[in-house]
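Novice: Let me see the structure of the following:
(2 chains)
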Amino acid sequence: MVFEGAVHVFGDNVDTDVMIAGRYLSLLEPEEMAKHMFEESDPGFVARVKRGDIMVAGKNFGSGSAREHAPLGFKALGISCIVATSFGRTFYRMSVDLGLPIIECADAVAFAKQGAFGRVDTTTGEITLGGKSLSTRPLPPFVQEIIDEGGMTNWVKREAHRRGLKLQE
Amino acid sequence: MAKTIAEKILEAHVIDDRQRVEPGEIVRARVDLCLLNDINGPGAFRHFENMKIDRVASPDKLALVVDHFAPAPNAAGARLGVSMRKFAEEKGIRHFWDLGKGGIEHTLIPEEGLIGPGDIIVGGDSHTTTAGAFGAFGTGMSWAGIAAILALDETWFRVPASMRFYIYGEKPRFVTGKDVILKIMQDISASGALYKSMEFGGPGIGQLNMDERMAICNMALEAGAKTGIVEPDAATEVWAKEYCKRPYTVVSADPGADYESRHDVDFSVMRPMVAKPYSPDNVVAVEEIKGVHVDQVYMGNCANGTLTDLRQIASVLKGRTIAHGTRAIIVPATQKVYLQAMAEGLIEQFITAGAAVTTPTCGACFGGHNGALDDGEVAVATINRNFKGRAGHAGAQVYLSNSYVAAAAAVAGEIIDPAKL
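Specialist: Below you'll find the predicted structure:
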């Protein structure tokens, strides 16, 4: 899958408490979560993001608390793809299971410029940032399969159908 | 080839054709228990509804615990509790603990004997790694991944590489399990164990009871780990015989197991450690920051709300009172811990000393309620995270420590080596 959009750049160890504060953990609607992303550290973030934009970060992006509010909020804002040196593992897992494309690339953040154009191909691992072409390991096939389905919900529906499980109308 | 604990546990749970697993591979597996709380439960239920599956595949493998917005601080929090009760009732979930019945999930589940050595425990909460204290593979899971378990009784894992921590030497006074993990955080950083299994063994482990081992595994993920497991020993087996309600299999690493890295932790030179704002890996020995004024001390949460912690606090507070200008909040992790602390006279001692004792809740630990901080306020807390803004105002500062150091700070009104009190 190929994603193209303006790039938002982040540093190392951006924790999920910074992405969305604990006081919003009672929210259930992704559109509501989306209003509060980076509320304390970057109050202009939500207004700046346009549908299709790409996030590029350093190491351990999404560290700390396992809160699906974070990837749900980014997805609701229209973020198309997240690239980082490495990810906090629950954040990685949550993004995959939500069908939000998320891929590791060691050098991406070094070439990412705030607001510049970026292009990510998760199937081939080719990434273009600021005119620079990078290559990283593509998503593992099973992870790509979940993302292609649009997340775990659709994947389970397909599996349930395949296994002959009873589905609701 | 010789395998680590995580590899052997995963190997015993895979449901595809493979007989062996290697780090980096993605495997499909069954879990022994799936833990949902009032934050991730309602989120997972939504995904489950969208999957249109009409029944939960294995209701007895689920444990539902209302512990975060409990007691509910507002209507939005109350709504999450409503969602939990409704799901438990409709789906016939036997293992359901509401407010007043259970406590903080990670302390409650072993107390109830719902986990055992060799198990895979997943949960929507990141601190599900706490299960590693009992020789289990515990890890945090996505809401959608939990919904898939509700639907199909299976999930997927990327097999982690493993790191071995060899703990040895005689443990000094006032040094606890919490200090072991804080010291490791100092050494390897908050991303030092990303995606890895941290496995803790060596002769030093025998000096730590199960409560203190929970403090170690609880914070394994603060170093980025997928799971943290204490190698089972005689104490694990004694615990398992007394508590486990299901059959279990004690799993140890093979001799010569293929660990990606090996690290030594020498107890004999260890000090009580403190993580400064705003990261759990910003760690120094307590004497390096003595004298920092403290407005609030929060003692309790899934890392350090056990009976062992309450006894440690009591040993420091004995004959002393909370300092003028400092507030102390003590939160027993479960109702059973609370009752036992009452029976031992600890609660009376805390209240007489001038501490607030509250019902078991995750409350202030995630900034939800039960003790938020304002701009400029400083706290010592026995919790596991001190990220900017987590405790309330973004200008508040939280120092993480063990229960001795926290209690000593409450008495002195400033950070102090408990030995110097």
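
Novice: in chain A, which segments are predicted with low confidence?
Specialist: A:169 (pLDDT under 70).

Novice: In it, mark out all the strands, start to finish.
Specialist: When assigned using DSSP state E, the strands of chain A occupy the ranges A:2-9, A:54-57, A:81-84, A:102-104, A:117-121, A:126-129, A:132-135.

Novice: so who does residue 2 touch?
Specialist: All of this refers to chain A. A:119, A:120, A:121, A:122, A:123 (Cβ atoms under 8 Å, 6 or more residues apart in numbering or on different chains). Where C-beta positions appear, they are placed from N, C-alpha and C, glycine not excepted.

Novice: that answer is for a different chain, and I need it for chain B
Specialist: B:253, B:254, B:255, B:256, B:257, B:258.

Novice: just checking, the first one touches residue B:8?
Specialist: Yes: Residue B:253 is in contact with residue B:8 according to Cβ atoms under 8 Å; the separation is 7.4 Å.

Novice: what comes up buried for the longest helix that chain A contains?
Specialist: Longest helix in chain A, counting residues (DSSP state H): helix A:152-162. The neighbour-count check on helix A:152-162 (16 or more other Cβ atoms under 10 Å in any protein chain shown) flags A:152, A:153, A:155, A:156, A:157, A:159, A:160 as buried.

Novice: Please apply the same query to stretch B:90-102.
Specialist: Using 16+ other Cβ under 10 Å as the burial criterion, the residues of stretch B:90-102 that qualify are B:91, B:93, B:95, B:96, B:97, B:98, B:99, B:102.

Novice: got those residues as a markdown table, with pLDDT, distance to chain A and secondary structure columns?
Specialist: Shown next, in a markdown table, are these (pLDDT from 0 to 100; distance: Cβ to the nearest Cβ, whole Å; DSSP: H, G, I helix; E, B strand; the rest coil):
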| residue | pLDDT | distance to chain A | secondary structure |
| --- | --- | --- | --- |
| B:91 | 97 | 14 | helix |
| B:93 | 98 | 19 | coil |
| B:95 | 98 | 20 | coil |
| B:96 | 98 | 20 | strand |
| B:97 | 98 | 19 | strand |
| B:98 | 98 | 17 | coil |
| B:99 | 98 | 15 | coil |
| B:102 | 98 | 19 | coil |
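
Novice: Among these, which pair sits farthest apart?
Specialist: B:91 and B:99 (19.7 Å; Cβ to Cβ).

Novice: which ones among the buried residues of helix A:152-162 come in contact with chain B?
Specialist: Among those, the residues within reach of chain B (Cβ under 8 Å from any Cβ of the partner chain) are A:152, A:153, A:155, A:156, A:157, A:159, A:160.

Novice: Can you get me a residue count around residue B:342?
Specialist: 13 (other Cβ atoms under 10 Å in any protein chain shown).

Novice: Check residue B:112 too.
Specialist: 18.

Novice: just the helices in the stretch 101-250 of chain B please.
Specialist: For the stretch 101-250 of chain B, applying DSSP state H, counting those that start in this stretch gives helices covering B:105-111, B:143-152, B:177-188, B:210-218, B:234-243.

Novice: Report the mean per-residue pLDDT for the first one.
Specialist: Per-residue pLDDT values across helix B:105-111 average out to 98.

Novice: for the longest one, same thing?
Specialist: Helix B:177-188 carries an average pLDDT of 98.

Novice: can I get the CA coordinates of that helix in PDB?
Specialist: Below are the C-alpha coordinates for helix B:177-188, written out as PDB (Å, rounded to 0.1, in the frame of the first residue of the first chain):
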ATOM      1  CA  GLY B 177      12.200  -5.300  43.900                       C
ATOM      2  CA  LYS B 178      11.200  -1.800  42.700                       C
ATOM      3  CA  ASP B 179      14.900  -0.800  43.000                       C
ATOM      4  CA  VAL B 180      16.000  -3.700  40.900                       C
ATOM      5  CA  ILE B 181      13.800  -2.600  38.000                       C
ATOM      6  CA  LEU B 182      14.600   1.100  38.500                       C
ATOM      7  CA  LYS B 183      18.400   0.200  38.400                       C
ATOM      8  CA  ILE B 184      17.800  -1.700  35.200                       C
ATOM      9  CA  MET B 185      15.900   1.200  33.700                       C
ATOM     10  CA  GLN B 186      18.900   3.400  34.600                       C
ATOM     11  CA  ASP B 187      21.200   1.000  32.800                       C
ATOM     12  CA  ILE B 188      19.200   0.200  29.700                       C
END
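
Novice: Out of the buried residues of stretch B:90-102, flag the one nearest to residue B:269.
Specialist: When these are compared for distance to residue B:269 (Cβ to Cβ), residue B:102 wins out at 39.4 Å.

Novice: who's in contact with residue 151?
Specialist: As the question left the chain open, I've gone with chain A. Going by Cβ under 8 Å, 6+ apart, residue A:151 touches A:97, A:98, A:99, A:100, B:144.

Novice: The chain in question should be chain B.
Specialist: Residue B:151 makes contact with A:156, A:160, A:165, B:48, B:51, B:53, B:56, B:57, according to Cβ under 8 Å, 6+ apart.
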